[in-house]
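**Student:** Pasting the sequence and the predicted coordinates here, then a few questions.
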Amino acid sequence: MTNKERFLRTMRFQEADRLPLYLVGPWPDTLARWHREGLPEPVTDANAYLGAASLELVNVSGAVGIFPPFEKRILKEDADSVTAIDEYGRTTLTLKTHTSMPEWLDFPVKTGADLRRLLDDHFDITQLDNRYTDGWEQALHKATTHPDALVIIDGGSYYWTLRSVAGVENASYLLYDEPDLVAELFDRYLAVTLDGIRRAGRRVTVDIIGFGEDIAYKNGPLLSPEMFRRLILPRYQQAIDLARSLGIEATWYDSDGDLRALIPDFLSVPIDTFSPCEVAAGMDPVALRKQFGRRIKMVGAFDKRIVAQGKEAIRGEFARLQPVIRE
């Protein structure tokens, strides 16, 4: 049985020879520490070294989001850090001394006028062909020649895109002060998304439609449920309807934070699979299964803070999760 078959069967609550694994590599600082603690120096892929095969994802979406991306360039560099412009036009500060998320110092979108310029310069939907490059053809080839790969298509990253170009604070103001411009941004993203689903669906068999938003934090959603239902959920619905018409069954919603206030809305579409299901923000898999039953599916959902407490604590947490895992 392939990892792809394991994943699809697991998400249907069907039997599989074992559960699939979806793995990511460690940060460079972590790998360096492991080397100091005994991992052989030549090893750079710890998962392969431990004999763990990860679920392989192939994204056949083409270029989504802002396009063309902003030109990356370094503004300042010293022994400890690099200040640069990234692909979203943000000014970032990245430390050299240890691995971390960058610090975002400035954003290209602060006002409605800024958002209008972004729409004109980086979201022209009259030139959709330009979004499908050689990289897209390579992804399609891989999707057809790697039978174990789970083929995924973009269903929309609406809040992610707004937040990426404006930051959380400015995005919050824009949602309230410039709803028509935000709606236009989201409409353009939807046009890109629907086009991508149609194009990929004509060329390959797509297994899953994915949404990447990071739309919540530890205390709940980063926008009001009313705004979510008005500005984002109907666009998810259109993408899901098209995907279902093409036989795309599975969903994958990627967001940190506490999504519980929005889960009934997700299930109405339906979007039903959540990752990483962040326990530290209250997304406890046992409680979620009790509340929503088998309508909800989860990827991740292990409290990583417990790892630092040692093997017995890890065994105890797995014992607590066993009923959900066995389902």
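**Tutor:** Looks like it came in fine. Being a predicted model, the structure only gives us computed values, none of them experimental. Numbering: from 1, shown residues only.

**Student:** Now Phe107: closest residue in space, sequence neighbours ignored.
**Tutor:** Leaving aside its chain neighbours, Phe107 sits nearest to Gly167 (4.6 Å; criterion: C-beta to C-beta, 6 or more residues apart in numbering). C-beta: built from backbone N, CA, C; applies to glycine.

**Student:** what does Thr10 give?
**Tutor:** Ala16 (5.6 Å).

**Student:** Just say helix, strand or coil for Val82.
**Tutor:** With DSSP: H, G, I helix; E, B strand; the rest coil as the basis, Val82 sits in strand.

**Student:** Hmm, Lys72 and it touching each other?
**Tutor:** No: using C-beta atoms under 8 Å, Val82 is not in contact with Lys72, being 11.1 Å away.

**Student:** For burial, what's the neighbour tally of the residue nearest to Thr10?
**Tutor:** 15 (other C-beta atoms under 10 Å).

**Student:** Roughly how far does it sit from Arg9?
**Tutor:** 5 Å (C-beta to C-beta, to the nearest Å).

**Student:** and for the two, which residues touch both?
**Tutor:** Met1 (C-beta atoms under 8 Å, 6 or more residues apart in numbering).

**Student:** circling back to that earlier point, neighbour count winner among Val82 and Lys72?
**Tutor:** Val82 (15 against 12).

**Student:** ok, back up a step: secondary structure class for the residue nearest to Phe107?
**Tutor:** Classified using three-state DSSP, Gly167 is helix.

**Student:** any idea how far Met283 is from it?
**Tutor:** 24 Å.

**Student:** Those two: who's more crowded?
**Tutor:** Neighbour totals were compared for Gly167 and Met283, and Met283 leads with 23 against 18 (other C-beta under 10 Å).

**Student:** For the closest residue to that one other than its chain neighbours, give me its contacts.
**Tutor:** Once flanking residues are discounted, Met283 sits nearest to Cys277: 4.7 Å by C-beta to C-beta, 6+ apart. By C-beta under 8 Å, 6+ apart, the residues touching Cys277 are 283, 285, 288, 298-301.

**Student:** just Met298 next, same as before
**Tutor:** Going by C-beta under 8 Å, 6+ apart, the list of residues near Met298 reads 273-275, 277, 285, 288, 324.

**Student:** Between which two of those is the distance greatest?
**Tutor:** Using C-beta to C-beta, those span at most 14.6 Å, a distance reached by Ser275 and Val324.

**Student:** okay, now Phe7: neighbour count?
**Tutor:** 23.

**Student:** Got phi/psi on it?
**Tutor:** For Phe7, the backbone dihedrals are phi -60, psi -50 (criterion: degrees, to the nearest 10).

**Student:** Give the full set of residues in contact with it.
**Tutor:** 20, 55, 150, 250.

**Student:** Nearest to Ala183 among the residues you listed?
**Tutor:** Closest to Ala183, out of all of those and judged by C-beta to C-beta, is Ala250, at 28.5 Å.

**Student:** List the beta-bridge partners for the residue nearest to that closest one when sequence neighbours are not counted.
**Tutor:** Spatial nearest neighbour of Ala250, chain neighbours left out: Ile208 (4.1 Å); criterion: C-beta to C-beta, 6+ apart. Ile208 forms beta bridges with Ile152, Ala250, as assigned by DSSP bridges.

**Student:** Where does Leu288 sit: helix, strand or coil?
**Tutor:** On the basis of three-state DSSP, Leu288 is classed as helix.

**Student:** what pLDDT does it get?
**Tutor:** With respect to pLDDT, Leu288 has a value of 97.

**Student:** The closest residue to it other than its chain neighbours: how many residues sit nearby?
**Tutor:** With sequence-adjacent residues excluded and distances taken as C-beta to C-beta, 6+ apart, Leu288 is closest to Ile296, at 5.6 Å. Ile296 has 17 neighbours, counted by other C-beta under 10 Å.

**Student:** does Glu41 sit in a helix, a strand or a coil?
**Tutor:** Reduced to three states with three-state DSSP, the structure at Glu41 is coil.

**Student:** By neighbours, which of the contacts of Phe7 wins?
**Tutor:** Leu150 (26 neighbours).

**Student:** Ramachandran coordinates for that one?
**Tutor:** When read as degrees, to the nearest 10, the backbone of Leu150 gives phi -80, psi 120.

**Student:** ok, it to Ser275 distance?
**Tutor:** 13 Å.

**Student:** before we move on, what about Ile248?
**Tutor:** Applying C-beta to C-beta to Ile248 and Ser275 gives a distance of 17 Å.

**Student:** Return the residues in contact with Asp303.
**Tutor:** 279-280, 317.

**Student:** List buried residues within those.
**Tutor:** 279, 317 (16 or more other C-beta atoms under 10 Å).

**Student:** could the contacts of Asp303 be laid out in TSV, adding secondary structure, pLDDT and distance to Gly38?
**Tutor:** Shown next, in TSV, are the contacts of Asp303 (DSSP: H, G, I helix; E, B strand; the rest coil; pLDDT from 0 to 100; distance: C-beta to C-beta, whole Å):
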residue	secondary structure	pLDDT	distance to Gly38
Val279	helix	95	29
Ala280	helix	94	29
Glu317	helix	95	25
